[in-house]
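>>> Have a look at this fold, sequence not included:
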């Protein structure tokens, strides 16, 4: 494998990569066991990574700075040691790029994706960082190579990672992951998905570990869950393809009940789902890892979505984002 030389010109001493958040529509948790899952990108939740060569005489550990949106522009944090998943990602990139050692870079992460909410924060950060490294070193990564590098980070961050977050955080439309293969499902009628942030969540790793332990103790319960999850996802895909929005909404609500039966919903996410239905949503459910996190609600029109989002904001004080589901779809393929 050839060795890439570090660019010397100032113009090539920094590069930026981008990604965005996502929500799981149906199939969370079941997807890590091979059942189908459907995810939707949330472009408003943007993530940008900037990498800059440091050129220090003695390279040190990988450090990052974080910046969040503010009225005065991004407010950068002090340098901190990068989490293990990002260190592993950079090491894996160095091997792929043929570098003798991990590059001595500083990393700035500017993300609007709230962490530990099931919105794909870790995958968006990893994907943006891979894009930035690819641009800096001119490696010309394929979609498959990019996906594999994001998965290095995701497996470290969550313990089990199906790959759907790695795909959806770079997608321009709905992503279906079934039998390990991604595709863009057909959409028969345009609709709206309202995303509401409950404001708390322990992160996906805890929920994944909780379910793994429960399923180890009761394998029959796992089989029952996977069968029901696959049944709901398959039916929902048919409803989506034929534009049967009321039926699709009912699948979402049934999905919420299924996840509640596993102890993954909370009083707050249950209340958000009920309020969304009271506001006229066609269906509502917990989305992502659970034990907090987000709720999504299906609406047929922008006006109906606005009514749902408005009620959730007024009654529960939660931030919301509305994502249109259109007939046009596209995403990175592996």
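Happy to help now that I have it. Quick caveat: nothing in here was measured; it's all calculated off a predicted structure.
>>> make it CA atoms for all contacts and neighbour counts henceforth
Noted.
>>> what stretches of the stretch 51-200 of the chain score poorly on pLDDT?
57, 69-76 (pLDDT under 70).
>>> In it, what residue spans correspond to strands?
With DSSP state E, counting those that start in this stretch as the definition, the stretch 51-200 of the chain shows strands at residue ranges 63-68, 75-76, 80-81, 105-111, 175-178, 181-183, 191-197.
>>> Residue 165 versus residue 286, what's the distance?
Distance of residue 286 to residue 165, given as CA to CA, to the nearest Å: 16 Å.
>>> Run a quick neighbour tally on residue 275.
Residue 275: 20 surrounding residues under other CA atoms under 10 Å.
>>> Quick check: closest non-adjacent residue to it.
Counting by CA to CA, 6 or more residues apart in numbering, residue 275 lies nearest to residue 312, which is 6.8 Å off, once chain neighbours are set aside.
>>> could you say what helices and strands whichever helix or strand the one you found is part of packs with?
Using DSSP states H and E, residue 312 maps to helix 302-316. Helices and strands touching helix 302-316, as assessed by 3 or more CA pairs under 8 Å, 6 or more residues apart in numbering; DSSP states H and E, comprise strand 191-197, helix 267-278, strand 294-299, strand 320-325.
>>> hmm, back to that, quick one: closest of the strands of the stretch 51-200 of the chain to residue 53.
Closest to residue 53 of the strands of the stretch 51-200 of the chain is strand 105-111 (CA to CA; 4.4 Å).
>>> Show me the contact partners of the closest one.
With contacts defined as CA atoms under 8 Å, 6 or more residues apart in numbering, strand 105-111 is touched by 45-55, 62-69, 74, 125.
>>> Repeat that for stretch 226-238.
26-27, 30, 33, 35-38, 185, 247-248, 251, 254-255, 258.
>>> would you list the strands of the stretch 51-200 of the chain in CSV and tack on distance to residue 207 and mean neighbour count?
Shown next, in CSV, are the strands of the stretch 51-200 of the chain (distance: least, CA to CA, whole Å; neighbours: other CA atoms under 10 Å):
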stretch, distance to residue 207, mean neighbour count
strand 63-68, 26, 18
strand 75-76, 31, 14
strand 80-81, 26, 12
strand 105-111, 23, 23
strand 175-178, 20, 24
strand 181-183, 24, 17
strand 191-197, 17, 25
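>>> Make JSON lines from these and add distance to residue 118 to it.
Putting the strands of the stretch 51-200 of the chain into JSON lines (distance: least, CA to CA, whole Å) gives the following:
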{"stretch": "strand 63-68", "distance to residue 118": "19"}
{"stretch": "strand 75-76", "distance to residue 118": "24"}
{"stretch": "strand 80-81", "distance to residue 118": "24"}
{"stretch": "strand 105-111", "distance to residue 118": "15"}
{"stretch": "strand 175-178", "distance to residue 118": "16"}
{"stretch": "strand 181-183", "distance to residue 118": "19"}
{"stretch": "strand 191-197", "distance to residue 118": "10"}
